[in-house]
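S.K.: attaching a predicted model along with its sequence, questions to come.
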Amino acid sequence: DPKIIQKPKYLVAVTGSEKILICEQYLGHNAMYWYRQSAKKPLEFMFSYSYQKLMDNQTASSRFQPQSSKKNHLDLQITALKPDDSATYFCASSQDGREDERLFFGHGTKLSVL
Amino acid sequence: GDQVKQSPSALSLQEGTNSALRCNFSIATTTVQWFLQNPRGSLMNLFYLVPGTKENGRLKSTFNSKESYSTLHIRDAQLEDSGTYFCAAHSAGNKLTFGIGTRVLVRP
């Protein structure tokens, strides 16, 4: 059974719309992350949360907003979508949020913006 | 990207053969992680390494911090080993840095 659940697996959106990517983890971890994978680029760190507090944000655009309603949830709201936002977005978790911890990923949400 | 260089970029293997993937680091790396992204897109953590060697089934990985590299050996390759293998390096004070991946295709 997957321990990090991302919904939906695939998402198609029109330019200018808003979408929320869902992530829940059942590993008992205290830290959660969002990464983006674009074609021919390395996995790119976006956000990290530890104990539901934002630890680091390396996303330039305020259109990307993480939302943590519970310790094991970290959703990603994206507003005013652009075609360049098309990518696979991975949620991840680790035990406590130290930078050298073992990282576990969800299966990703593949977003296509038309 | 440039701080973690993976080679080769792509690899085609006959089922049952052995091969090795490599990561070279240009940053002072303290830990290394290896991941496999399968053809469906899921990312699986294969190894978490401090300097040294770990083995898991047909996979073995070594991290040599003094010479700044890590290797992943695949023994007796199977079709389900196909996918993209990523290494990621942690250096003090920095986020985990990923390589661009090695695409592996295992042929029957």
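M.R.: The structure has been received and is ready for your questions. Quick caveat, the model's predicted, so the values are computed rather than measured.
S.K.: wait, B:Asp81 sits on B:Arg75?
M.R.: No: using C-beta atoms under 8 Å, B:Asp81 is not in contact with B:Arg75, being 9.9 Å away. Heads up, the C-betas are built off the backbone N, CA and C, glycines and all.
S.K.: find the residues that touch each one of these two.
M.R.: Residues touching both B:Asp81 and B:Arg75 (C-beta atoms under 8 Å, 6 or more residues apart in numbering or on different chains): B:Arg58.
S.K.: what lies in contact with the lowest-mean-pLDDT helix or strand in chain B?
M.R.: Least confident element among the helices and strands of chain B, by mean pLDDT, DSSP states H and E: strand B:97-98 (a mean of 92). By C-beta under 8 Å, 6+ apart, the list of residues contacting strand B:97-98 from outside reads A:42-43, B:3-4, B:27, B:86-91.
S.K.: swap the cut-off to 10 Å and go again
M.R.: A:35, A:37, A:41-45, B:1-4, B:6, B:23, B:25-27, B:29, B:33, B:35, B:86-91 (C-beta atoms under 10 Å, 6 or more residues apart in numbering or on different chains).
S.K.: helix or strand right after it?
M.R.: Toward the C-terminus, strand B:97-98 is succeeded by strand B:102-107 as the next helix or strand (DSSP states H and E).
S.K.: count of neighbours near A:Ala60?
M.R.: 7 (other C-beta atoms under 10 Å in any protein chain shown).
S.K.: again but with B:Gln6, I slipped
M.R.: Number of residues near B:Gln6 (other C-beta under 10 Å) recorded here: 22.
S.K.: ok, it touching A:Pro42?
M.R.: Yes: between B:Gln6 and A:Pro42 there is a contact under C-beta atoms under 10 Å: 9.4 Å.
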